[in-house]
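# Structure for this input, please:
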Amino acid sequence: MLFKISRSLSFMSRDKLVKLRIRELAAREGWTLKEVADRSGVAYSTVKTYAVSPGMAMADLMALIKLARTFDVMIEDLFEVVDS
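Numbering: from 1, shown residues only. The predicted structure follows:
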């Protein structure tokens, strides 16, 4: 999997997308998506979009860093590779 590092992170792999494990990690902590947004400083609309998306090709790198810090995980732990 290749990463294009800029303000947004592009996940580029043939026939693969990345699902972000926001709901799973929030449930582990007993937090709502609103609480995740408040704790991380990431807009609720972004958190919700990431949480409900079945697979993504791009994401905001700074948002991912903030979410990883909020959940106290490595950024790689936010990702689950899924078929497109």
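# so what's the residue nearest the centre of the chain up against?
Against the mean C-alpha coordinate of the chain, by C-alpha atoms, centre = their mean, the closest residue is L20 at 4.0 Å. For L20, the contacting residues are Y50, A51, S53, M56, A59, L64, L67, L78, F79, E80, taking C-beta atoms under 8 Å, 6 or more residues apart in numbering as the criterion. Every residue, glycine included, has its C-beta placed from N, CA and C.
# and those, which are buried?
Among the contacts of L20, those scoring as buried are Y50, A51, S53, M56, A59, L64, L67, L78, F79 (criterion: 16 or more other C-beta atoms under 10 Å).
# Need the per-residue pLDDT for the fourth one.
For M56, the pLDDT comes out at 83.
# Identify those among the buried ones among the contacts of L20 that sit within helices.
By the criterion of DSSP state H, membership of these in helices covers Y50, A51, L64, L67.
# and the two most separated of those?
Pairwise distances among those were taken by C-beta to C-beta; the largest, 12.9 Å, belongs to A51 and L64.
# Would you mark the buried spots in stretch 45-63?
Counting neighbours by 16+ other C-beta under 10 Å, stretch 45-63 gives T46, V47, K48, Y50, A51, S53, M56, A59, D60, L61, A63 as buried.
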